[in-house]
Each structure stands twice: as structure tokens, then as C-alpha cells.
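Participant: The following block contains a protein sequence and its predicted model.
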Amino acid sequence: MNNKQPFFTLWILMLLGVVLNGCGSDDDDNTISAQFSERTQRELETTVGQLFQELGVPGMLVGLWVPNVGKWTQAYGVSNRETGEPMRADQHVRIGSITKTFTVTLILQLQDAGLLNINDTLDRYFDTDPNSDKLTLAQPIPNADRITLKNLANMTSGLASYTFDPDFQDAFFSNPLRQWQPQELVNIGIANTIAGCPHAPPACFEPSTDWFYNNTNTVMLGLVVEKVSGKPYGELLRETILEPLALRGTLKPTDNTLPEPVARGYTFQGLDDGQQQDATDWNPSWGWGVGDLVSTFDDLRVWGKALGRGDLLNVETQALRQEQVTVGENQPGVNAYAIGMGYKRGWWGHGGEVPGYNTLTFYRPDLDAVVVVITNFDELVNGIHPAYLVADVIIDLVAKESPMLGDFGEEQPIFIDDSLSEDD
């Protein structure tokens, strides 16, 4: 297998040792005083501990919080293979594509403020003329007068993802400390679209007629955020999301460093010798607005709930956000995708993967429940990210005691986005 595939195609892991430690996480609202039964807790400890060994990840953090039912958090393994330091809830990690949920929330907040409309087409914001007042790209965007911000957010744009481009991959792996510029990334995606998506043909289609998970989409949304707000992404993020929710461990990095304490991240990606390497300090700018944010276990719990409830959006906007579209084979482990977040068995949220890390936060609105998983390794297992696999196991085990976790009602209708009419 070519090890320079897009950042969601990796190798099978070898088994590693396990160190089991308690993983504390204080609840801000102190509403979860109940505990799962001793039998369920024992089964969780046994089954998830065994799964941790089978996955072979160096370290893992897991948590499930269900008000009036119980909570369970646990830390496994090490955050630093050289020192043997254990995984802890206060350690910073790279959260990969969970970043997309922040970027799309910023877009929707700007809609609530009347500064943009999710149905705006891309020709309103992008151009090739450097003398225009729009964001300048090297080549015109195909279907720019038909692709909307909504198409970008729900992955129905028909644009190519720059991460599939082999030249991009070669450049990244040959110099993982390189500082990438967001418009540089978009230019790669547009060039590939014009060429007919040669490296991932299913990505090219007429807007609103199909679905393909695409990083170019969200970089463009991040650029629109800056253009419309007149502020740097990180500044607006801090003012409108991080400070209101007191997400003190979450930040948009400006370079390749992470704040202490750090859970180091490990990967097989970028090497041909099958050796595991430390990717902690790789520059995340290649995933600008897509996968570059840093966070912590506790912050992901808070964010997962706020995201799923729509705490920072108007009620109508949150309802719009939950309009689902069908997903294809190239999908992030969910049953459906909405506007910047996924849906699976009653749970809303997103997973994330960058070299060295795999993360997940999902929220169940009817139960006010949150599940969070963090691993400091990025390996797929039978085509599934470890975080999704672990979350499913935890939920299914607790559902034996609390059947409501397994009863999520009828699935919401899943459809292809056809909101863009000839009159728009």
C-alpha cells in the first residue's frame, strides 16, 4: 500500500502494551451524579481495555456522559513513548477534522448576524482578479455561480480535495514543517477540479447532485469567515466560540508547536520502512480551518454538547444545520452528513484525524449525552478510525443496561441537497 495516501488511509497496527489509569473530568453543571452499575463498569473496563490492546494505539482517552444514568471516563496507555508518561485529560492534542465543526459554526454565526447567507454562491467571494475586492485565486472556480456556501459545508460542491493530490502529498511528507497558506491549498483543489479530479474521480460532479468528503471545501469556508468578518480566523474563533464556552484548552495554532502539557502523536504515514514516527510537531497549516485546531479531552466534551445543541446559533439555524445528505463510500464513519457535522444512530458530531491523532466528539440531543474518544495514533482498522470503533463499543455496552441508548427512534430522512434552484 502506498503510504502517501490522503490522511485517512493507513496501515494495520502491531500490538502495544497497556497502562490503565483513571481519567478524571469534572462536569461543569454537576448534573451527572448517577453512576453506571458496577457490572456495566466492569464490562466497560474489560472490553474497552482489551480493545485498546488490540488497536495497538500508544494512548487513549474515552468518556461517556449520560445525565441521570451515569458517566464513565478512562485513560489508557502513554502520551509519550520515550518517557512513559501516561495519557491525561488535561493534555493537548491535535483534533483534526473536528476543526470543521468550528469553521462551519463561524459561518452560521455570520449568517445569524446577517453578514452572509448560506445559499450565497462562490462567485460572490472568490475571483481571479487581484484588483477585485474578493479573495483571489489562481484559476476560476468551476460552477462558481452555482456552488453555494451550503454546498461547501455539507460536502456537495463537486470540487476536488487538495489532499488527494500526489504532488501535495510529496511536498507535505518531504517537509512536514512547511508553512502552507490557505489560498495555496484552495488553488491545488481548484486545479484538480479543472483537470477532472484525476486522483479521486468521484469528487467531481454537478453541485448538489452527489456527496464527497472534501477538505478544499472547508478551507474556502475559513477564508470566507475572514473576508466577511474582517478578522483573522483565530481571533473570531476566540471571541465567538472559545471565550463564550470557556474552552481554555482549545486554540488555533500559528506554528507547529502545542501548548503544554502535550500528548505526543505517532504515525506510520510518510515513511516506506514501516517504522512509527513522532508527528507531534508537524506543522498543521496544511489543514488550515480544516484540521489544524488543538484541544483537550474536557474541552471536546463541552464543545460536543454545545455543537449538538446549537448553543451558539439561532434555533432556526441549528435546524438548518441538521439537514442531512446521503454519504458515499468516502465518508467519515457516519450514516449521514449535515452542514459541517455528521449523524449516526441519533448522535451528532464529528471525528478527526491528522498524522499522529484520531479524535471524536458526538452528542445525543434527546438524552443530553456526550461521547468523546482521543487516541494519539492515526491508524485505520478495517477501514474504520479507532475513535469511531471505540465509541460504538462503549455505547453498545452501556445500552445493555440503559436500552434508551440503543433506541434512537426512526432515522431522519436522508437526501441529496437540491436547495439550489434556477432562481437562486
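Facilitator: Right, received. Where do you want to start?

Participant: Can you show me the strands along the stretch 101-250 of the chain?
Facilitator: 126-127, 135-136 (DSSP state E, counting those that start in this stretch).

Participant: want to try JSON lines for those, with mean neighbour count, distance to residue 103 and mean pLDDT as columns?
Facilitator: Heads up, the C-betas are built off the backbone N, CA and C, glycines and all. As requested, the strands of the stretch 101-250 of the chain are arranged in JSON lines below (neighbours: other C-beta atoms under 10 Å; distance: least, C-beta to C-beta, whole Å; pLDDT from 0 to 100):
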{"stretch": "strand 126-127", "mean neighbour count": "20", "distance to residue 103": "16", "mean pLDDT": "98"}
{"stretch": "strand 135-136", "mean neighbour count": "15", "distance to residue 103": "15", "mean pLDDT": "98"}
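
Participant: mind checking which of those is nearest residue 95?
Facilitator: strand 135-136 (25.7 Å; C-beta to C-beta).

Participant: Go ahead and list the helix or strand containing residue 39.
Facilitator: helix 38-55 (DSSP states H and E).

Participant: Give the other helices and strands that that helix contacts.
Facilitator: strand 70-77, helix 386-401 (3 or more C-beta pairs under 8 Å, 6 or more residues apart in numbering; DSSP states H and E).

Participant: Residue 255 and residue 296: what is the separation?
Facilitator: 19 Å (C-beta to C-beta, to the nearest Å).

Participant: These two: who's more crowded?
Facilitator: residue 296 (25 against 11; other C-beta atoms under 10 Å).

Participant: hey, where'd the helices end up in this structure?
Facilitator: 38-55, 99-112, 149-153, 166-174, 182-194, 215-229, 233-237, 297-309, 315-321, 386-401 (DSSP state H).

Participant: What is the neighbour count of residue 217?
Facilitator: Residues near residue 217, counting by other C-beta under 10 Å: 28.

Participant: In contact with it, which residues?
Facilitator: Counting by C-beta atoms under 8 Å, 6 or more residues apart in numbering, residue 217 touches 151, 152, 153, 155, 157, 159, 161.

Participant: Determine how far stretch 116-128 lies from the middle of the whole chain.
Facilitator: 24 Å (C-alpha atoms, centre = their mean, to the nearest Å).

Participant: before we move on, the earlier item: got the strands of the stretch 101-250 of the chain as TSV, with distance to residue 197 columns?
Facilitator: Shown next, in TSV, are the strands of the stretch 101-250 of the chain (distance: least, C-beta to C-beta, whole Å):
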stretch	distance to residue 197
strand 126-127	19
strand 135-136	22
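
Participant: right, so of the ones you listed, which gets closest to residue 99?
Facilitator: strand 135-136 (19.5 Å).

Participant: Residues in contact with that closest one: which ones?
Facilitator: Outside strand 135-136, the residues that reach it (C-beta under 8 Å, 6+ apart) are 125, 126, 127, 128, 129, 130, 183, 223, 224, 227.

Participant: do that again at 6 Å, thanks
Facilitator: With contacts defined as C-beta atoms under 6 Å, 6 or more residues apart in numbering, strand 135-136 is touched by 125, 126, 130, 223, 227.

Participant: Out of the residues you listed, which comes closest to residue 343?
Facilitator: residue 223 (26.5 Å).

Participant: which residue packs closest to residue 70, ignoring adjacent ones?
Facilitator: residue 36 (3.6 Å; C-beta to C-beta, 6 or more residues apart in numbering).

Participant: I'd assumed residue 68 was in contact with that neighbour.
Facilitator: No. Contact criterion C-beta atoms under 6 Å: residue 36 and residue 68 do not qualify, at 11.7 Å.

Participant: Not counting residues beside it along the chain, what's closest to residue 196?
Facilitator: For residue 196, the spatially nearest residue (C-beta to C-beta, 6+ apart) is residue 204, at 5.8 Å.

Participant: Tell me, how many residues neighbour residue 228?
Facilitator: Neighbour number of residue 228 under other C-beta under 10 Å is 18.

Participant: wait, residue 165
Facilitator: 23.

Participant: same thing with residue 175?
Facilitator: 11.

Participant: what does the one 10 residues further on give?
Facilitator: A count of nearby residues for residue 185, using other C-beta under 10 Å, gives 27.

Participant: how far away is it from residue 76?
Facilitator: 34 Å.

Participant: quick revisit: how about the helices and strands packed on helix 38-55, which one is nearest residue 176?
Facilitator: Across the helices and strands packed on helix 38-55, residue 176 has its closest neighbour in helix 386-401 (21.8 Å, C-beta to C-beta).

Participant: Kindly calculate the angle that the closest one makes with helix 38-55.
Facilitator: Using axes from the mean of the first three to the mean of the last three C-alpha atoms, to 10 degrees, one finds that helix 386-401 and helix 38-55 are set 160 degrees apart in direction.
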